[in-house]
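K.L.:
just a sequence and a predicted model for now, questions to come.
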Amino acid sequence: MVLPLFALLSPLYGQNNWPFYGHDSGGMRYSPLTQVNTKNVKQLRQAWVFHADDNPSNGAAATHERGPDAQTVASESIPLVIDGVMYMSTGWGSVVALQPETGKVLWKWKSTLGMPPLRGISYWPGDSQHPPQIMFATARGYLVALNAKTGKLSPGFGNEGAVDLKAGQTKEFPNSVYVVTSPGAVYKNVVIQADRFSGSNGRGPYNDIRGWDARTGAPLWTFHTVPRPGEPGHDTWEGDSWMNRIGVAVWGLMTVDAERGIVYAPTESPTYDYYGGDRKGMNLYSDCLLALDANTGKLLWYFQTTHHDIFDYDLSAPPALIDVVQQGKKIPAVVQVTKMGLVFIFDRVTGKPIFGVEERPVPKSEVPGEQAWPTQPFPLKPPPLARNSFKVDEVTTVTPEHAKFCREFLELDGGMVGSEPYTPAGMKQTILFPGAAGSMNYGGVSFDPKLGYIFVNEQDLSQLGKMVPAASGAGNAYIRKGPPGQGGKIRYFDPEKGMPCQTPPWGQLHAINANTGDIVWSVPLGIFEELEARGVPKTGAPNLGGSIATAGGLVFIAATVDNRLRAFDSRTGAELWVTKLPAGGHGHPITYQGRDGKQYVVITAGGNLSIAPTPHDSVVAFTLP
């Protein structure tokens, strides 16, 4: 008897899914597939395109509302592929199941509970009494469970398939908006979801991290990201500044050590982002990597990467769980990259920095009432990956026109001043590197366990601003403002062309040896077509999003504002393949083996409003001919 092809491939197929946001629950973003490799990657061709909009002609004209009932947003969704089905959220207010070999729609759930996360959804495999579920929070504050087979709400979960996340959380702030951007984490039968309420004047509902029973939706535990009286860390908030403090949420991605039952959560800054005179102190657990017991929510350890944040230096990248080998001993580690261009590598069980960290003095604030923290932590290795200082004579000269624009920009608002790391915005326009968009943002890292290499992309984008007295009733004594006449632009770059004003490179991809902390290679990432045409190649470009690594010796990444997907040789950094996308791919790619035996590489090309307003509705798949 001749078995069908699907039956012959099924034992391998189960190993070659993409079941988590980061491929595995620890977020290494490494695929063992080798069909596409350094020798044949140049042959990759488009296999199919899925349009998330019901009317594809709207794809390039999407609006960018992020309210609870918005119909469209730029999407950075990371598809999941599990047992022959692809699942993903869309920027058109829906969750879909697709055939991963063709992009054919198997089912579609149109949300009436608010927008699903723009970065994707989570999968719970179910148990003997419950079928597999697709799980996610929405922008109206519901935790939703869909039957993965049918796409219908699961009636046994919460109230007919949804749990009200706002219940009991917004009593004092009934008009608070729930803002969800990323999927939660899943550990066994626990769904871990971080609250993210918006507020004003630095006050609003607390943004706790909570665990929920995946079978019933019952609450299991709560971790207070702003410690209450009597809890460790409460004394890092002066007086009552902790009360109803908004911010300190997890808006990026969490990862899970499934073997040890630990969830790793990166937190953001408190609000208001740029003035902390009303919240003096270190402000735990803002800007922290938290290690929590996934069953109970108990704090195991933490590390704060920015003390008393007045820079908007949130942690947003998913903490990547890897192994580091030193003196023949394997150390379970966690990698946390930051907006500051720093790479922290910790023992993920103890929280001890593997390569050491030192507190270094940083500039004081000249703003009345502010008390900037006198030191900030810097890893001894790896070195900073991005520009973290600026002198006014470091203006680009890539073209005469751009150089003229950038020199004239320096004279705005009475002139601008350069900075060193962690220079607070003062009473004069200051150019700070990196800016709030970060050197590294939510894109995070990928890791090749065979090479022991960490791959991370970064951009050199600045932040402009000076502090001015706030209007009466604003809640803050001071607010940050950019130069007048710039339409709110707060970066030192040409907003029409998108070109930064400092000398290139403006974006790079790096490989770091995780065992030594040394940089193995660095290459420019991205181009500007106008400059290429004028003989100025390889400047690098602003980028948001991340990479994946494969056993085929490749690193795949989109992320750049030039709307391209690229493949690099993981050993050398050589660019081996590049293709144009209909819009920016500002999540990260995935790869999987279809039931037809082919390896596919897929990217959501949805754009990203913060660095390149080119929205679209496409999901694009590539495979070998």
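P.N.:
Structure received.

K.L.:
from here on, contacts and neighbour counts on C-alpha atoms
P.N.:
Fine.

K.L.:
quick check, K466 in contact with A425.
P.N.:
Yes. Applying CA atoms under 8 Å, one finds K466 in contact with A425, separated by 5.1 Å.

K.L.:
shared neighbours of those two, anything?
P.N.:
Listed contacts common to K466 and A425 are R480; contacts here mean CA atoms under 8 Å, 6 or more residues apart in numbering.

K.L.:
show me which of those two is the more surrounded one.
P.N.:
A425 (27 against 22; other CA atoms under 10 Å).

K.L.:
how near is P318 to D195?
P.N.:
According to CA to CA, to the nearest Å, P318 stands 16 Å off from D195.

K.L.:
oh sorry, the question was meant for V335
P.N.:
Taking CA to CA as the measure, V335 falls 23 Å from D195.

K.L.:
repeat that for F433.
P.N.:
Relative to D195, and taking CA to CA, F433 is found at 30 Å.

K.L.:
settle it for me: which of those two has more neighbours?
P.N.:
Using other CA under 10 Å as the criterion, F433 and D195 rank with F433 on top: 29 against 26.

K.L.:
pull the contacting residues for that one.
P.N.:
340, 387-390, 419-421, 460-463.

K.L.:
and if you look at W212?
P.N.:
190-193, 218-221.

K.L.:
now, which of these lie within helices?
P.N.:
The helices, defined by DSSP state H, take in nothing from the contacts of W212.

K.L.:
okay if I get those residues as a markdown table plus pLDDT and distance to V177?
P.N.:
Listed next are these as a markdown table, based on pLDDT from 0 to 100; distance: CA to CA, whole Å:
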| residue | pLDDT | distance to V177 |
| --- | --- | --- |
| V190 | 98 | 25 |
| V191 | 98 | 22 |
| I192 | 98 | 20 |
| Q193 | 97 | 16 |
| A218 | 98 | 23 |
| P219 | 98 | 21 |
| L220 | 98 | 24 |
| W221 | 98 | 23 |
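
K.L.:
from these, which is closest to D309?
P.N.:
Nearest to D309 among the contacts of W212 is Q193, at 23.7 Å by CA to CA.

K.L.:
contact partners for that closest one?
P.N.:
With contact set as CA under 8 Å, 6+ apart, Q193 has these partners: 137, 183-185, 209-212.

K.L.:
again, 10 Å this time
P.N.:
The contact partners of Q193, taken as CA atoms under 10 Å, 6 or more residues apart in numbering, are 136-137, 143, 165, 180, 182-186, 208-212, 222, 250, 254.

K.L.:
could you do T516 as well?
P.N.:
Applying CA under 10 Å, 6+ apart, the residues near T516 are 324-326, 354-355, 381-382, 452-453.

K.L.:
which of those count as buried?
P.N.:
Buried subset of the contacts of T516 (neighbour count, 16 or more other CA atoms under 10 Å): 324, 354-355, 381-382, 452-453.

K.L.:
between those residues, which is nearest K497?
P.N.:
P382 (32.6 Å).

K.L.:
give me the pLDDT value at the residue lying closest to R564 once chain neighbours are set aside.
P.N.:
Counting by CA to CA, 6 or more residues apart in numbering, R564 lies nearest to K580, which is 4.5 Å off, once chain neighbours are set aside. In the predicted model, K580 carries a pLDDT score of 97.

K.L.:
same check on L300?
P.N.:
L300 is assigned 98 on the pLDDT scale.

K.L.:
before we move on, what about Q43?
P.N.:
For Q43, pLDDT reads 98.

K.L.:
neighbours of the closest residue to P615 other than its chain neighbours, how many?
P.N.:
Spatial nearest neighbour of P615, excluding adjacent residues (CA to CA, 6+ apart): G607 at 4.5 Å. Using other CA under 10 Å, G607 is surrounded by 31 other residues.

K.L.:
state the distance from G607 to D240.
P.N.:
In terms of CA to CA, G607 sits 41 Å off from D240.

K.L.:
ok, now D596?
P.N.:
61 Å.

K.L.:
quick one: A333 and Y264 touch, right?
P.N.:
No. A333 is beyond contact range of Y264, at 11.5 Å (criterion: CA atoms under 10 Å).

K.L.:
overlap in contacts of these two?
P.N.:
Contacts common to A333 and Y264, judged by CA under 10 Å, 6+ apart, are 319-321, 348.

K.L.:
in JSON lines: those, plus neighbour count.
P.N.:
Converted to JSON lines, these look like this (neighbours: other CA atoms under 10 Å):
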{"residue": "P319", "neighbour count": "31"}
{"residue": "A320", "neighbour count": "30"}
{"residue": "L321", "neighbour count": "27"}
{"residue": "R348", "neighbour count": "24"}
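
K.L.:
including distance to D24, pLDDT and secondary structure, could these go into CSV?
P.N.:
Shown next, in CSV, are these (distance: CA to CA, whole Å; pLDDT from 0 to 100; DSSP: H, G, I helix; E, B strand; the rest coil):
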residue, distance to D24, pLDDT, secondary structure
P319, 12, 98, coil
A320, 10, 98, strand
L321, 9, 98, strand
R348, 16, 98, coil
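
K.L.:
with respect to F303, which of the residues you listed is nearest?
P.N.:
For those, the nearest to F303 is R348 (11.1 Å; CA to CA).

K.L.:
skipping adjacent residues, who's closest to that closest one in space?
P.N.:
Counting by CA to CA, 6+ apart, the residue nearest R348 is A333, at 4.6 Å.

K.L.:
okay, now the sheet partners of the strand or helix carrying that neighbour, with direction.
P.N.:
Counting by DSSP states H and E, the element that carries A333 is strand 329-337. Neighbouring strands of strand 329-337 in its sheet, by DSSP bridges, are strand 320-326 (antiparallel), strand 343-347 (antiparallel).

K.L.:
nearest to G281, of those?
P.N.:
Comparing those by CA to CA, strand 343-347 comes nearest, at 22.9 Å.

K.L.:
which residues are contacting the closest one?
P.N.:
Contacts of strand 343-347 (CA under 10 Å, 6+ apart): 303, 305, 319-324, 331-338, 351-357, 377-385, 440, 456, 512, 514, 517.

K.L.:
quick one, which of the residues you listed are buried?
P.N.:
Using 16+ other CA under 10 Å, the buried ones in these are 303, 305, 319-324, 331-338, 351-355, 357, 377-382, 385, 440, 456, 512, 514, 517.

K.L.:
for burial, what's the neighbour tally of the residue lying closest to R215 once chain neighbours are set aside?
P.N.:
Among residues not flanking R215 along the chain, F157 sits closest, at 6.3 Å (CA to CA, 6+ apart). By other CA under 10 Å, 20 other residues sit near F157.

K.L.:
please apply the same query to P484.
P.N.:
For P484, using other CA under 10 Å, the count is 10.

K.L.:
can you check the pLDDT for it?
P.N.:
P484 is assigned 79 on the pLDDT scale.

K.L.:
what of S198?
P.N.:
pLDDT for S198: 85.

K.L.:
between the two ends of stretch 327-347, what distance do you get?
P.N.:
15 Å.

K.L.:
one more: stretch 182-202?
P.N.:
With CA to CA, one end of stretch 182-202 sits 22 Å from the other.

K.L.:
kind regards, and thank you for your time.
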